[in-house]
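# Provided below for reference: sequence and predicted model.
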Amino acid sequence: ADALDTEWAVRWMRETARVVAENRVLLINLDRVIGDADHGENLDRGFTAVVAKLDSSEAPETPAAVLKLVAMTLMSTVGGAAGPLYGTAFLRAATSLGDAAEIDPNAAAAMIRAARDGIVARGKAEIGDKTMVDAWTPATESAETAAQAGATAPEVLTAAANAAHAGAGATEPLIARKGRASYLGERSAGHQDPGAVSTAFILQAAAETARE
Ligand code: ADP
Ligand code: MG
Ligand code: MG
């Protein structure tokens, strides 16, 4: 469907939970080499809790309400660096949507921008520091370019997902300057950043569910 509504937001989160669970070990292994091997476990716990919350509570009324539920759940269940960062991202994304029932192309791009800006405000990482910001920043730029060029909302999300995927891949040669991986200094080079890779999964889930 072209209209990104509350039902889409719920499908996005269920698909994210599925993809995170499927890639739990991959994310753990990425975090094992440059961190503490818990990123996959942290996110799987968080999105499993999100699905449980969606199953047990009354259906949220707006896309923003879905994202707010996600933010609260991730903040209270994920822990580590990624919990507060993704929590802030989803909270800011929710705020950017207001009480709109549907997300148009510009709102889709603004939602990604808001998430990215929230992560930067919270974690103070810059582009090139080998963090999830290296996926969110090109995703934001591509989403905005697509929206300005007249893309549909699913196309905006597809542009964001593709850019996030490329951004995550491009973290491989970088030396980490933020988070746990920065303790490794030059030895952090040669491996992709786990948070950048999980960002690509989350945005890929957004794009795939939007195209359905
Ligand atoms: P922890 O490092 O506490 O074990 P996770 O393993 O769940 O937390 O998450 C690690 C990810 O968090 C990193 O791969 C990186 O993408 C992201 N991260 C860490 N610190 C920052 C920061 N200051 N800004 C943005 N992202 C960060
Ligand atoms: Mg970790
Ligand atoms: Mg940890």
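All right, it came through fine. Residues are numbered from 1 along each chain as shown. Ligands and ions are numbered 1, 2, ... in the order given.

# contacting residues for A17?
Going by Cβ atoms under 8 Å, 6 or more residues apart in numbering, A17 touches 47-48, 50-51. All C-beta spots, glycine's among them, are computed from the backbone N, C-alpha and C.

# Show me which of those are buried.
47, 50-51 (16 or more other Cβ atoms under 10 Å).

# Out of those, which sit inside helices?
47, 50-51 (DSSP state H).

# As JSON lines, those with pLDDT and distance to T137 would be great.
Compiled in JSON lines, those are given as follows (pLDDT from 0 to 100; distance: Cβ to Cβ, whole Å):
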{"residue": "F47", "pLDDT": "98", "distance to T137": "23"}
{"residue": "V50", "pLDDT": "98", "distance to T137": "25"}
{"residue": "V51", "pLDDT": "98", "distance to T137": "28"}
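
# Would you format these as CSV with distance to A210 included?
Listed next are those as CSV, based on distance: Cβ to Cβ, whole Å:
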residue, distance to A210
F47, 18
V50, 18
V51, 19
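
# Pick the one among those closest to P194.
Proximity of those to P194 (Cβ to Cβ) peaks at F47, which lies at 14.9 Å.

# list the contacts for that closest one?
Contacts of F47 (Cβ under 8 Å, 6+ apart): 13, 16-17, 20-21, 74.

# Could you report the distance from it to T16?
6 Å (Cβ to Cβ, to the nearest Å).

# now swap in G79 and tell me
In terms of Cβ to Cβ, G79 sits 18 Å off from T16.
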